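Chemist: okay, sequence plus prediction incoming.
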Amino acid sequence: MKEINIGLAGFGTVGQALYKVIEQARNVHARIAKICVRSLTKPREIRVPESLLTISFTEITRNPDIDLVVEVIDDPETSFRLVSDALRNGKDVVSGNKAMLARHLPELMELQRQTGKALLYDASSCGSIPVIRNLEEYYDNDLLLEVKGILNGSSNYILSRVFDHNEDYADALERAQKLGFAESDPSHDISGNDSLNKLVIITLHAIGVYVAPADVFVYGIPTLGQEDILYAREKGMKIKLVAQVVKLSDDLFTMFVMPEFVAPNRYIYAVDDEYNGVVIRGECYDRQFMFGKGAGGLPTASSLLSDITALRHDYRYEYKKTAFAPRPEYTTDIPLKIYARFSQTNLLDGLPWLAVSEEYRSESFRYVVGEILLADLIKSRKLLEAEDVFLCNFPRFFTERDD
Ligand code: HSE
């Protein structure tokens, strides 16, 4: 088998892990021929010959000796320019850049069509779990009802440590960074935006519809407090940061990212630390569950390697579901049941509740449990960003089907 030359862009946690994995793998028949980095002098765990490094991405994307580009850099806009340039210059590409993909998938689909080159990105969503390729190839559009789960390892690591081990939030976040799970700016992990980017990618492959991240409600865990943990514990539940895309009917679907109360009989209740877990629900098979390491250098590198191998076999995403007609439409006109905790910001009067079922007031904080439209949560984004506010969703889709 001919050895392929890989041009690697990005040599951080994931890039270095891929380098190690390729050096050790016996049957990959691939080598890293050039590495594009931001700094030539930055100290790195893995030392490579200086001649391998470059700071100019065109030395990879336009290099006739490079067969395939693997892109794991940080900055979404540089990543988009690099990936586009590689495709235009006749290279297949493997990317792990979820923020870039979530923003630019429509253009990248078109570019693949125009150039005939392939872009694979299973590593972008849920690390080592092969969720994209399975949604693309196996799960038929008609039968698929819901894809829901924990898509971010760092925030799940923090929640596990705080919730199950009573550890301090800031310490847990620092460890998630040290262990190489977190983004270089970890606010993307805890704000839910990293989960959202993955949800956008998953939705395209699950039901064939692209929804821009800016149009989706996302709420994270930066303001989680002891009051919220106690509320969940009293009810025998955990709080997890959950992303979900749900078909409401043949014509409509919704999607959002929010902390959610999770009962012990749910699959994701037992998904702890940096693990991810994805529940795929369908008409005929009820629920299926995919579980695995969602963050960290080696798990992500394993997924990149799988995409590299898939390209050797001429695999490409065909985006078959985007051609289905009719496809369901995205709606936010759907009531959710949420817990809203606050102190100075008056969420009882400040939000257009459809109904309130529980209210609590103490000297230091208040909470409300009630129904509210997802569209109204989107409209109230500014108010909900206040530091004294925390929201948590009660699951409501398909709960009657589960015991
Ligand atoms: N920061 C991400 C996470 C890395 O914690 O899940 C994997 O995408």
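Modeler: Arrived safely. Numbering: from 1, shown residues only.
Chemist: stretch 241-250 and the ligand, are they touching?
Modeler: No: judged by Cβ under 6 Å from any ligand atom, stretch 241-250 stays clear of the ligand, getting no closer than 10.2 Å. Quick note: C-beta positions are derived from backbone N, CA and C, even for glycine.
Chemist: show me the contact partners of that stretch.
Modeler: Contacts with stretch 241-250, where a contact means Cβ atoms under 8 Å, 6 or more residues apart in numbering, come from 144-152, 155-156, 159, 192, 195-196, 198-199, 202-203, 206-207, 220-221, 253-260, 262, 268, 328, 331, 334, 393, 397-398.
Chemist: go ahead and build a PyMOL selection from the buried members of the residues you listed.
Modeler: Here is the PyMOL selection string for the buried members of the contacts of stretch 241-250, based on 16 or more other Cβ atoms under 10 Å:
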select buried, resi 144+145+146+147+148+149+150+151+152+155+156+159+192+195+196+198+199+202+203+206+207+220+221+253+254+255+256+257+258+259+260+262+268+328+334+393+397
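Chemist: from the contacts of stretch 241-250, pick out the ones that also neighbour the ligand.
Modeler: Asn152.
Chemist: tell me how many other residues surround Glu167.
Modeler: 14 (other Cβ atoms under 10 Å).
Chemist: what strand or helix carries the spatially closest residue to it that is not a sequence neighbour?
Modeler: Of all residues not flanking Glu167 in the chain, Arg161 sits nearest, at 4.2 Å (Cβ to Cβ, 6 or more residues apart in numbering). Using DSSP states H and E, the element containing Arg161 is helix 153-165.
Chemist: in that helix, which residues are buried?
Modeler: 153-163.
Chemist: next SSE after it?
Modeler: Next element after helix 153-165 (DSSP H and E): helix 169-178.
Chemist: and the angle for that next one with helix 153-165?
Modeler: 140 degrees (axes from the mean of the first three to the mean of the last three Cα atoms, to 10 degrees).
Chemist: helix or strand right after the helix or strand containing Leu230?
Modeler: Per DSSP H and E, Leu230 falls inside helix 226-234. Sequence-wise, the next helix or strand beyond helix 226-234 is strand 238-247, with elements assigned using DSSP H and E.
Chemist: packing partners of the following helix or strand past that following strand?
Modeler: Using DSSP H and E, the helix or strand that follows strand 238-247 in sequence is strand 252-262. The contact analysis (3 or more Cβ pairs under 8 Å, 6 or more residues apart in numbering; DSSP states H and E) places strand 252-262 against helix 193-207, strand 217-218, strand 238-247, strand 329-330, strand 335-342, strand 390-394.
Chemist: can you list those in TSV and add distance to Lys91?
Modeler: Shown next, in TSV, are those (distance: least, Cβ to Cβ, whole Å):
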stretch	distance to Lys91
helix 193-207	21
strand 217-218	33
strand 238-247	31
strand 329-330	33
strand 335-342	44
strand 390-394	42
